[in-house]
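J.: Return a 3D structure for these sequence lines:
(one chain, ligands or ions: 2)
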Amino acid sequence: MKFSLFACFSSSNNNNKNDFPEAENDGSFRVFTYHQLKLATGNFGDKIGEGGFGSVYKGRLIDGSSVAVKVLSIEIESMRGEREFVAELATLANIKHQNLVSLKGCCVEGAKRYLVYDYMENNSLHHTFLGSEDKRMRFSWEARRNISIGVASGVSYLHEELKPHIVHRDIKAKNILIDRDFTPKVADFGLAKLMRDETSYISTKVAGTLGYLAPEYASSGQLRRKSDVYSFGVLLLQIVTGSAVVDAYTDIERFIVEKAWAAYEANDLLRIVDPVLNTNYSAEEAIKFLKVGLLCVQETAKLRPRMSEVVEILTNNNIDMKDVHISKPGFVADLRNIRIKQHMTTDSPQGSSSSGTSFASSVWSVKNLAR
Ligand SMILES: Nc1ncnc2c1ncn2[C@@H]1O[C@H](COP(=O)(O)OP(=O)(O)OP(=O)(O)O)[C@@H](O)[C@H]1O
Ligand SMILES: [Mg+2]
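T.: Ligands and ions are numbered 1, 2, ... in the order given. I've put the predicted structure just below:
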């Protein structure tokens with residue numbers, strides 16, 4: 001159904017119905033006024049999180065539904081103009097899947113932009129599952145299985161059912177939110193579309209993703225669907241082992257993929273299963289999940305499975321992984337050497353990359369190591 005987005009600006013803006021273009025939407029997407037969001041969040045009083053792009057506040061709409069309001073603190077010049085910004089969001093809001101966080105609306109207030117999402121009661125996988133000892137919950141094997149399959153289904157939908165498909169670019173425990181019923185929901189997909197230049201999204205985000213980042217990014221500066229598969233593989237290894245993605249305090253097997261590969265080569269994958277599970281899990285299934293994780297992080301992108309294949313392997317008990325061949329994983333060990341492609345065009349001199357690249361060193365620091 002065609003839905004005309006109405007502008008609901010605060011008094012600083014004129015309430016002109018024609019402020020925004022017609023955008024295809026099923027009618028559930030709203031453009032909020034700043035005043036409405038201020039009321040809903042109690043003057044932005046209940047901060048629930050902080051990310052690289054800004055702070056997130058809890059709110060309640062007049063209809064009683066709980067929302068998370070993300071305040072984007074990005075330079076206005078980097079973002080698309082108001083009309084395009086709202087139109088992109090309206091399109092993103094149409095993407096509905098039980099394992100994807102729903103976008104409810106947005107607000108444009110002068111230079112400030114706000115995104116309004118369904119509120120997820122159990123925060124992120126990073127916070128709830130891997131957080132500090134006093135906060136983290138002990139997840140059963142069944143919970144881990146459901147979360148792994150749910151995330152795989154959400155990403156598979158973005159990659160293979162949606163037309164045109166979406167490459168997430170930032171799959172990690174922080175971007176897996178958990179609702180009241182412990183259904184996992186993939187968050188923050190499609191945000192690169194809000195930027196004028198998609199590479200600026202990656203170069204900003206890359207700081208927080210060491211450990212999840214596919215190795216081909218270091219050489220080509222490009223992230224494709226198989227790069228998401230890599231990040232999912234790292235996440236899957238994390239879900240089974242309960243470990244950090246990178247352990248900054250050790251010299252050997254710093255990366256979870258190194259640890260998993262060493263255990264695989266020693267034919268002893270069970271040694272890396274999260275000890276808090278004790279013996280309360282299916283060894284056969286845990287080995288299978290770890291092998292799928294390793295398949296996804298193989299250095300050669302084309303050898304990695306597609307996300308629909310991942311879902312099939314994880315859910316089908318008749319698929320036997322005993323004789324599957326897994327090749328060595330790759331990983332980005334140091335972001336300081338990454339070249340980020342910018343405006344690489346075919347007519348650049350001799351296809352040389354030097355004119356179109358910049359280094360990510362300025363955004364790299366140890367504190368950004370992904371947990
Ligand atoms: N819809 C939501 N419901 C509940 N909590 C949320 C929601 N969205 C975000 N949060 C909380 O806010 C935090 C910050 O989210 P945000 O997406 O801005 O950054 P991030 O994904 O944690 O980190 P980064 O910026 O490095 O990607 C999340 O980690 C989560 O704790
Ligand atoms: Mg996020």
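J.: Please, which helix or strand holds the closest residue to residue 82 other than its chain neighbours?
T.: Counting by CB to CB, 6 or more residues apart in numbering, residue 108 is the residue found nearest to residue 82 once chain neighbours are left out, at 5.2 Å. C-beta here means a position set from N, CA and C on the backbone, and glycine is covered the same way. Using DSSP states H and E, residue 108 falls within strand 103-109.
J.: Strands along the stretch 251-371 of the chain, start to end?
T.: 339-341, 357-359 (DSSP state E, counting those that start in this stretch).
J.: what's the least confident stretch among those?
T.: Looking at these, the lowest mean pLDDT belongs to strand 357-359 (a mean of 30).
J.: which residues in the stretch 251-371 of the chain form helices?
T.: 256-265, 283-296, 307-315 (DSSP state H, counting those that start in this stretch).
J.: Okay, buried residues for stretch 260-276 please.
T.: The neighbour-count check on stretch 260-276 (16 or more other CB atoms under 10 Å) flags 260-261, 263-264, 269, 272-274 as buried.
J.: Now find how far off-centre that stretch is within its chain.
T.: On the basis of CA atoms, centre = their mean, to the nearest Å, the separation between the geometric centre of stretch 260-276 and that of its chain is 26 Å.
J.: Ends of that stretch, what's the gap?
T.: 18 Å (CA to CA, to the nearest Å).
J.: what's the neighbour count on residue 60?
T.: 15 (other CB atoms under 10 Å).
J.: Alongside ligand 1, which residues does this protein contribute?
T.: 48-53, 56, 68, 70, 101, 117, 119-120, 123-124, 127, 170, 174-175, 177, 187-188, 208 (CB under 6 Å from any ligand atom).
J.: and those residues, which are buried?
T.: 48-49, 51-53, 56, 68, 70, 101, 117, 119-120, 123-124, 127, 170, 174-175, 177, 187-188, 208.
J.: Quick check: strands, which of those residues are part of them?
T.: 48-49, 51, 56, 68, 70, 117, 177 (DSSP state E).
J.: now those as a markdown table including pLDDT?
T.: What follows is those, written out as a markdown table (pLDDT from 0 to 100):
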| residue | pLDDT |
| --- | --- |
| 48 | 94 |
| 49 | 92 |
| 51 | 86 |
| 56 | 97 |
| 68 | 98 |
| 70 | 96 |
| 117 | 97 |
| 177 | 98 |
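J.: Of those residues, just say which sits nearest to residue 223.
T.: Nearest to residue 223 out of those is residue 51 (CB to CB; 18.5 Å).
J.: Now do the same contact list for the closest one.
T.: Residues near residue 51 by CB atoms under 8 Å, 6 or more residues apart in numbering: 70, 174.
J.: Residue 56 now?
T.: Here residue 56 is in contact with 47-50, 68-71 (CB under 8 Å, 6+ apart).
J.: Kindly recompute the last result at 10 Å.
T.: 46-50, 68-71, 115, 117, 119 (CB atoms under 10 Å, 6 or more residues apart in numbering).
J.: rewinding a little: roughly how far is the strand holding residue 108 from the heart of the chain?
T.: The answer for strand 103-109 is 20 Å, by CA atoms, centre = their mean.
J.: That strand vs ligand 2: in contact?
T.: No. Applying CB under 5 Å from the ion, one finds strand 103-109 separated from ligand 2 by no less than 12.6 Å.
J.: Which among the helices of the stretch 251-371 of the chain is found nearest to residue 156?
T.: Nearest of the helices of the stretch 251-371 of the chain (CB to CB): helix 307-315, 3.7 Å.
J.: From residue 74, how far out is the closest residue to ligand 1 within the stretch 51-200 of the chain?
T.: Nearest to ligand 1, among the residues of the stretch 51-200 of the chain, is residue 51, at 1.9 Å (CB to the nearest ligand atom). Distance from residue 51 to residue 74, counting by CB to CB, to the nearest Å: 11 Å.
J.: Please save the CA atoms from stretch 73-93 in CSV.
T.: Provided in CSV are the C-alpha atoms of stretch 73-93 (Å, rounded to 0.1, in the frame of the first residue of the first chain):
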residue,chain,number,x,y,z
SER,A,73,25.5,11.8,16.6
ILE,A,74,27.0,11.8,13.2
GLU,A,75,28.2,14.8,11.4
ILE,A,76,25.2,16.1,9.4
GLU,A,77,27.4,16.4,6.2
SER,A,78,28.0,12.7,6.2
MET,A,79,24.3,11.8,6.3
ARG,A,80,21.8,11.9,3.5
GLY,A,81,19.6,14.9,3.1
GLU,A,82,16.3,14.9,5.1
ARG,A,83,14.1,13.6,2.3
GLU,A,84,16.4,10.8,1.2
PHE,A,85,17.1,9.9,4.9
VAL,A,86,13.4,9.5,5.7
ALA,A,87,12.7,7.7,2.4
GLU,A,88,15.5,5.2,3.1
LEU,A,89,14.2,4.6,6.6
ALA,A,90,10.6,4.1,5.4
THR,A,91,11.9,1.4,3.1
LEU,A,92,13.9,-0.2,5.9
ALA,A,93,10.8,-0.2,8.1
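J.: Many thanks, I have nothing further to ask.
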